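Student: build me a model:
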Amino acid sequence: MKLSDIAEYVTDKISSNRITINEYVTTDSLLQNKRGRETAQNLPPVTCALINFKQGDVLVANIRPYLKKVWYADSEGGCSSDVLVFRAKNGHDSNFLYAVLMQDTFFDYAMQGAKGSKMPRGDKDQIMRYEIPTFSTDEEEDIGKMVVDITSKIAINRRINDNLEAMARQLYDYWFVQFDFPNKEGKPYKSSGGAMVYNERLKREVPIGWEVENLIDFAEIKNGATPSTADEANYGGDIVWITPKDLSDQQSKFVYQGERNITEQGFDSCSTSILPTNSVLMSSRAPIGLVSIAKHEVCTNQGFKSFIPKSISDSIYLYYYIKHNIKQIEQLGTGTTFKEVSRDDLCKFPILTIGAKDIYVQWIELQNGIADKQLALTKEIAALTKQRDELLPLLMNGQASVNSN
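Tutor: The predicted structure follows:
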């Protein structure tokens, strides 16, 4: 049967002045790679009519379908016209509809009929002709429930990880931006009158005894490279190879695998370097500023400048220092086609080194405790996502079934 047999487009309208920012969905607030949605940045600047979606509807971004933006609505609201809203017809399961629209094959199909080069949009009539197998009502419910249950668990893990990350960022900000780390009496240092001195390079006051050095004195800085894609023997080995797209897709504090590995031959054929676990990776072009901590030995393409701290335990501090100063780092970028940050400029970039060593060790221990929990959740998310995305096609073509007992 076709998608039009189990679903219809929602065309009901609601005025934008009747919804809050939390109820507004745009293509930008839908996340890539089937990751759901985040809160929109702004409501429409002028009052306009929006598509009125309901809880249980499935929203899909119709711009650049290959980005795989889909969300199973858990609330009511309004969305822009570039978001397609699907609603299950009577007699069909909304969870199953979500499972259908989660498939890679659906997005591939939508892209086949898309019109436009820079911002291709799916053809709404063609999309409704997407073919799916016929299932009984019970089979639809079983497949839909399985997919939604796994996706819900993934979403819960992400929320926990986000909360842990908010705690970790606050800990960095409170101790090393506001300088209210605990003093010897356990009181906030700066707020309790701790001695400060103006630092000319940072253009701000820092605690007495703390110093500023060049980033190259704090960490070794490595470039990456790409083996020739013309030689298939360069790819498919055991060496983890990371590109900026991997960081963009995974959107994680940690990275331990990429879309492609390379072989020993591929590694030897170019000037990339093996980076040890806990190296800090930063994309230095297209775009500048994706940052992640390697949790496996990896190498990268030429779109990175990677940092190997002189003391590998400093990686968490370096990660947050770079994240906090990323706007200043972006300003170092030069180039016409796209901006790139050079290794020479990064070598001279200032980094604050912490004089209170006992405080620093305490902070590292707190951060490592958070990071261990985050990494475990990140790996579970990856495993659940792989399980869902590999099992779904098998269920849809009858090669597997759900045991509902």
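
Student: residue 50 contacts residue 83, correct?
Tutor: No: the pair residue 50 / residue 83 is not scored as a contact, 9.2 Å apart, by Cβ atoms under 8 Å. For glycine as for every other residue, the C-beta is placed from the backbone atoms N, C-alpha and C.

Student: so which residues of the stretch 301-405 of the chain form strands?
Tutor: Secondary structure of the stretch 301-405 of the chain (DSSP state E, counting those that start in this stretch): strands at 304-309, 350-353.

Student: quick one: strands adjacent to the shortest one?
Tutor: The strands beside strand 350-353 in its sheet (DSSP bridges) come out as strand 211-214 (antiparallel).

Student: quickly list the domain ranges of the protein.
Tutor: 3-132, 211-353 (automatic domain parsing).

Student: tell me the mean pLDDT for the last one?
Tutor: Translated: domain 211-353. Domain 211-353 shows a mean pLDDT of 95.

Student: give me the distance between the two termini of that domain.
Tutor: This stretch, domain 211-353, spans 5 Å end to end (Cα to Cα, to the nearest Å).

Student: same check on stretch 307-325?
Tutor: Stretch 307-325: ends 15 Å apart by Cα to Cα.

Student: phi, psi of residue 218?
Tutor: phi -100, psi -30 (degrees, to the nearest 10).

Student: test my guess that it contacts residue 315.
Tutor: No: at 11.0 Å, residue 218 and residue 315 do not qualify as touching, with contact defined as Cβ under 8 Å.

Student: so what sits against both of these two?
Tutor: Common contact partners of residue 218 and residue 315 (Cβ atoms under 8 Å, 6 or more residues apart in numbering): residue 309.

Student: which residue ranges of the stretch 251-400 of the chain form helices?
Tutor: Assigned by DSSP state H, counting those that start in this stretch, the helices in the stretch 251-400 of the chain fall at 264-268, 315-324, 326-330, 343-347, 357-396.

Student: my guess is residue 153 contacts residue 385. True?
Tutor: No: with contact defined as Cβ under 8 Å, residue 153 does not count as touching residue 385 (10.2 Å).

Student: now the spatially most central residue of the chain, nearest residue through space, not along the chain?
Tutor: For the chain, the residue nearest the mean C-alpha position is residue 251 (1.8 Å; Cα atoms, centre = their mean). Spatial nearest neighbour of residue 251, chain neighbours left out: residue 35 (7.5 Å); criterion: Cβ to Cβ, 6 or more residues apart in numbering.

Student: ok, so what distance separates the one you found from residue 330?
Tutor: 25 Å (Cβ to Cβ, to the nearest Å).

Student: for those two, indicate the residue with more neighbours.
Tutor: residue 35 (20 against 14; other Cβ atoms under 10 Å).

Student: near the closest residue to residue 119 other than its chain neighbours, how many other residues are there?
Tutor: Once flanking residues are discounted, residue 119 sits nearest to residue 63: 5.7 Å by Cβ to Cβ, 6+ apart. Applying other Cβ under 10 Å, we find 19 residues neighbouring residue 63.

Student: can you name the residues that contact residue 63?
Tutor: Residue 63 neighbours (Cβ under 8 Å, 6+ apart): 27, 82, 119-121.

Student: tell me the bridge partners for it.
Tutor: With DSSP bridges as the criterion, residue 63 is bridged to residue 121.

Student: reformat the strands of the stretch 301-405 of the chain as CSV; add mean neighbour count and distance to residue 90.
Tutor: Shown next, in CSV, are the strands of the stretch 301-405 of the chain (neighbours: other Cβ atoms under 10 Å; distance: least, Cβ to Cβ, whole Å):
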stretch, mean neighbour count, distance to residue 90
strand 304-309, 24, 52
strand 350-353, 18, 62
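
Student: any chance of a markdown table for the ones you listed, columns distance to residue 360?
Tutor: Below are those laid out as a markdown table (distance: least, Cβ to Cβ, whole Å):
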| stretch | distance to residue 360 |
| --- | --- |
| strand 304-309 | 13 |
| strand 350-353 | 9 |
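
Student: figure out which of those is closest to residue 228.
Tutor: strand 304-309 (18.4 Å; Cβ to Cβ).

Student: for the closest residue to residue 22 other than its chain neighbours, list the residues it contacts.
Tutor: Closest residue in space to residue 22, ignoring its immediate chain neighbours: residue 39 at 5.8 Å, by Cβ to Cβ, 6+ apart. Contact analysis of residue 39 by Cβ under 8 Å, 6+ apart lists 21-22, 29.

Student: do the same with residue 153
Tutor: When contacts are counted by Cβ under 8 Å, 6+ apart, residue 153 touches residue 384.

Student: and it, which of the three is it?
Tutor: At residue 153, secondary structure determined by DSSP: H, G, I helix; E, B strand; the rest coil is helix.

Student: likewise residue 240?
Tutor: For residue 240, the assignment made with three-state DSSP gives strand.

Student: neighbours around the nearest residue to it once chain neighbours are set aside, how many?
Tutor: Among residues not flanking residue 240 along the chain, residue 298 sits closest, at 4.4 Å (Cβ to Cβ, 6+ apart). When counting by other Cβ under 10 Å, one arrives at 28 neighbours for residue 298.

Student: same deal with residue 192?
Tutor: Neighbourhood size, residue 192 [other Cβ under 10 Å]: 12.

Student: surely residue 391 meets residue 400?
Tutor: Yes: the criterion here is Cβ under 8 Å, and residue 391 meets it with residue 400 at 6.5 Å.

Student: between these two, which has more neighbouring residues?
Tutor: Between residue 391 and residue 400, residue 391 has the larger neighbour count (other Cβ under 10 Å), namely 17 against 14.

Student: quick one: residues contacting the more buried one.
Tutor: Taking Cβ under 8 Å, 6+ apart, we find residue 391 in contact with 146, 400.

Student: how much space between it and residue 105?
Tutor: With Cβ to Cβ as the criterion, residue 391 and residue 105 are 14 Å apart.
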